[in-house]
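Participant: Here is a sequence together with a model predicted from it:
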Amino acid sequence: MLVYEDKLSGDELCSDSYPSEITTDGCFLEVQGSWVVKGDVEIDTGANPSAEGGDDGGFESNEQKVVDIIDAFELVEQGEYGKKDLMSYFKGWIGSVMEKVAEDEKDAFKKRVQTGVKKLVGMVKELQVFTGPSMDPDATMVFAYYKEGAAAPTFVYFLDALNEVKC
């Protein structure tokens, strides 16, 4: 299994155990999330506890419906971002990631990231923005949106900002 780690913060942000595809000319790794139930789940066996002398007070469930990727990687949702906020973040972030990109890849990275930033800024009203568990505002952010008709979000990661770590 591969785990994708942020080059800036070291946060684990995703893994290859989720359905994914590389998009936007190699700029993004888009990963499909899904809703899962977490916690104690009541299972109805069909028995009648009160007729059998059991407690008929019911079951106190602490089940929660969560998005698997957010839960597994402890992603922290940030507030809403406007176009100006997003552009301001990208200006600092691109410089930080550029330092982590190999010298012979820098020109290709600039081209890819420009296309990716344009796409995300154009979708700003549809995006949810997340940080990793360190909540470092200067680290790589993760973006999520709902594809048309989708029941769960698709997560968007900048490929150049991720390290692949074998587990």
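Facilitator: Done, it's in.
Participant: SS state for the residue nearest to Asp160 when sequence neighbours are not counted?
Facilitator: Closest residue in space to Asp160, ignoring its immediate chain neighbours: Phe109 at 5.2 Å, by C-beta to C-beta, 6 or more residues apart in numbering. C-beta: built from backbone N, CA, C; applies to glycine. Secondary structure, DSSP: H, G, I helix; E, B strand; the rest coil: Phe109 is helix.
Participant: Now for Phe109, how many residues are close by?
Facilitator: Residues near Phe109, counting by other C-beta atoms under 10 Å, number 21.
Participant: what about it, distance to Glu12?
Facilitator: 22 Å (C-beta to C-beta, to the nearest Å).
Participant: what does Lys38 give?
Facilitator: Lys38 is 19 Å from Glu12, by C-beta to C-beta.
Participant: excluding its backbone neighbours, what's nearest Lys100?
Facilitator: Lys7 (4.5 Å).
Participant: count of residues packed around that neighbour?
Facilitator: When neighbours are counted by other C-beta under 10 Å, Lys7 registers 18.
Participant: That one reaches Leu159, doesn't it?
Facilitator: No. The pair Lys7 / Leu159 is not scored as a contact, 10.7 Å apart, by C-beta atoms under 8 Å.
Participant: So the residue nearest to Asp160 sits against Val101, correct?
Facilitator: Yes. Counting by C-beta under 8 Å, Val101 is a contact partner of Phe109 at 4.8 Å.
Participant: overlap in contacts of these two?
Facilitator: Common contacts of Phe109 and Val101 (C-beta atoms under 8 Å, 6 or more residues apart in numbering): Asp160.
Participant: shouldn't Gly116 be in contact with Gly26?
Facilitator: No. Gly116 is beyond contact range of Gly26, at 9.4 Å (criterion: C-beta under 8 Å).
Participant: who's more crowded, these two?
Facilitator: Gly116 (22 against 15).
Participant: Leaving out chain neighbours, which residue sits closest to that one?
Facilitator: Cys27 (3.7 Å).
Participant: show me what contacts that neighbour?
Facilitator: Contacts of Cys27 (C-beta under 8 Å, 6+ apart): Arg112, Val113, Thr115, Gly116, Lys119, Phe158, Leu159, Asp160.
Participant: For those, work out which two are farthest apart.
Facilitator: Spanning the widest gap among the contacts of Cys27 are Lys119 and Asp160, at 14.6 Å by C-beta to C-beta.
Participant: That concludes my questions; thank you for your assistance.
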